[in-house]
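Enquirer: could you look at this predicted model? Sequence included:
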Protein chains: 2
Amino acid sequence: MAAALDFYFDFSSPYGYFAAERIDAIAARHARAVDWRPFLLGVVFKTTGQTPLTEQPLRGDYARRDFARSARLYGLPFTWPERFPIPTQAAARAFYWLDAREPEAARALAKALYRAYFGAGRDISPPAVVIDIAAGLGVDGAALATALNDADVKDRLRRSTEAAIARGVFGSPMVFVDGEPFWGADRLDQVDRWLATGGW
Amino acid sequence: MAAALDFYFDFSSPYGYFAAERIDAIAARHARAVDWRPFLLGVVFKTTGQTPLTEQPLRGDYARRDFARSARLYGLPFTWPERFPIPTQAAARAFYWLDAREPEAARALAKALYRAYFGAGRDISPPAVVIDIAAGLGVDGAALATALNDADVKDRLRRSTEAAIARGVFGSPMVFVDGEPFWGADRLDQVDRWLATGGW
């Protein structure tokens, strides 16, 4: 089987949400797996000097409009959350902890977290909310609560974010296909085409 | 006939070049005209605090790769110019001066300027280069040379850039379809769909 796609995303990224809903199906059409790799976009922004889209003059208004319009285009539920952006440490740590045990469940959790935040507008930054959503998927809440404070789990996320920056990740989502980087949910059609053609 | 599309672009924008090559055909499919409106992205950046993509850490490397990849995708000639970004006052003033006289010729000049800069890598910032390219299309070079220093022509570009900012233009290209804004050459497929469906 050909190499997996690498899918970098932050749980506070609306475009990451849209990509998360589509990336597995696109990869599957080409018999590819996807490595899901949440990272902390806030840490990346400290490296690049960027700021959240929504805080930028003119671009912010457009971005909010484009988020909602993109959700309608993709047929996805969308509720602009009261709090944005949010810290996503708990969500990302929960993902990596579960990923080491049940990768399929970790992916389901990632989608459930995104749907809670951007689909329903629920603030997923508190660990208790992440645990609640995970428990709804059958995850052991007590074990997850412990894991969220585990030094190894925290280190896993720290290393993942550093590795993302080292690879050139500067935004969310970014997808790498055999080393070729694509930035943005609106590049997934090109990802599909790249997989079909081997590049252009 | 339904309202024209408004097409905002800066002559120093690679994505503006890609859009310039495609926008008229897309509009024509839906029996729409296009108002071409060059503006000075550098002035906009002073308002928004943005910097050129290529000068941003990590994003710059990706942008250069994406420019070339996009050109291959669209089947357009592309040469990364030695000088980027460039001042585009002469190009934009030439456009507006000609647009007031022969709109079709102004559009042809805009495409020729873009092809010279991003297709062939020729620095189009000097007025003499703009005049040379315009003369190649049959424009009166002496009249254009005078126009480039004309206060009214300068004022036309200044007002166009101010109007773009007032409308929320923060990047190049931006296309408005019946008031709906689309940012980026990679949004033209959505422009096409919006025109076909009336929106979603």
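Expert: The structure has been received and is ready for your questions.
Enquirer: now residue A:123. Nearest residue, chain neighbours left out?
Expert: The spatial neighbour of residue A:123 that comes closest, neighbours along the chain excluded (CB to CB, 6 or more residues apart in numbering or on different chains), is residue A:83 at 5.1 Å. Yep, even glycine has a C-beta here, placed from its N, CA and C like the rest.
Enquirer: that neighbour and chain B, how far apart?
Expert: With distances defined as CB to the nearest CB, to the nearest Å, the gap from residue A:83 to chain B amounts to 24 Å.
Enquirer: over to residue A:141?
Expert: On the measure of CB to the nearest CB, residue A:141 and chain B end up 37 Å apart.
Enquirer: quick one, helices of chain A?
Expert: For chain A, the helices defined by DSSP state H cover A:14-29, A:41-48, A:59-74, A:89-99, A:103-114, A:127-136, A:141-147, A:151-167, A:188-197.
Enquirer: how far out from the middle of the chain is the first one?
Expert: I take that to be helix A:14-29. The gap between where helix A:14-29 is centred and where its chain is centred comes out at 10 Å by CA atoms, centre = their mean, to the nearest Å.
Enquirer: how about the fourth one?
Expert: For helix A:89-99, the distance between its averaged C-alpha position and the chain's averaged C-alpha position is 11 Å (CA atoms, centre = their mean).
Enquirer: and that helix with helix A:41-48, angle?
Expert: Here helix A:89-99 runs at 110 degrees with respect to helix A:41-48, directions being taken by axes from the mean of the first three to the mean of the last three CA atoms, to 10 degrees.
Enquirer: if we can go back for a sec, quick one, which of the helices of chain A is nearest to residue B:13?
Expert: With CB to CB as the measure, helix A:59-74 is the member of the helices of chain A nearest residue B:13 (15.2 Å).
Enquirer: touching chain B at all, that closest one?
Expert: Yes - interface with chain B: helix A:59-74 contributes A:59, A:61, A:62, A:65, A:66, A:69, A:72, A:73 (CB under 8 Å from any CB of the partner chain).
Enquirer: reformat those as a markdown table; add neighbour count and pLDDT.
Expert: Converted to a markdown table, the residues of helix A:59-74 next to chain B look like this (neighbours: other CB atoms under 10 Å in any protein chain shown; pLDDT from 0 to 100):
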| residue | neighbour count | pLDDT |
| --- | --- | --- |
| A:59 | 21 | 91 |
| A:61 | 14 | 94 |
| A:62 | 21 | 96 |
| A:65 | 14 | 97 |
| A:66 | 22 | 97 |
| A:69 | 19 | 98 |
| A:72 | 12 | 98 |
| A:73 | 15 | 96 |
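Enquirer: residue numbers of chain A in contact with chain B?
Expert: Taking CB under 8 Å from any CB as the criterion, the neighbours of chain B within chain A are A:44, A:47-50, A:56-59, A:61-62, A:65-66, A:69, A:72-73, A:165, A:168-171, A:181, A:183-184, A:186-187, A:189-190, A:200.
Enquirer: now, of the residues you listed, which are buried?
Expert: Among the residues of chain A next to chain B, those classed as buried by neighbour count (16 or more other CB atoms under 10 Å in any protein chain shown) are A:44, A:48, A:50, A:56, A:58-59, A:62, A:66, A:69, A:165, A:168-171, A:181, A:183-184, A:186-187, A:190.
Enquirer: before we move on, the earlier item: deepest in the core, which of the helices of chain A is it.
Expert: Each of the helices of chain A was scored by mean neighbour count; the highest is helix A:89-99, a mean of 24, by mean count of other CB atoms under 10 Å in any protein chain shown.
Enquirer: tell me what it is packed against?
Expert: For helix A:89-99, the packing partners by 3 or more CB pairs under 8 Å, 6 or more residues apart in numbering or on different chains; DSSP states H and E come out as strand A:34-38, helix A:103-114, helix A:127-136, helix A:141-147, helix A:151-167.
Enquirer: who touches that helix?
Expert: Among residues not part of helix A:89-99, those counted as contacts by CB atoms under 8 Å, 6 or more residues apart in numbering or on different chains are A:10-11, A:36, A:38-40, A:105-106, A:109-110, A:113, A:124-127, A:129-131, A:134, A:139, A:144, A:147-148, A:150, A:153-154, A:156-157, A:160.
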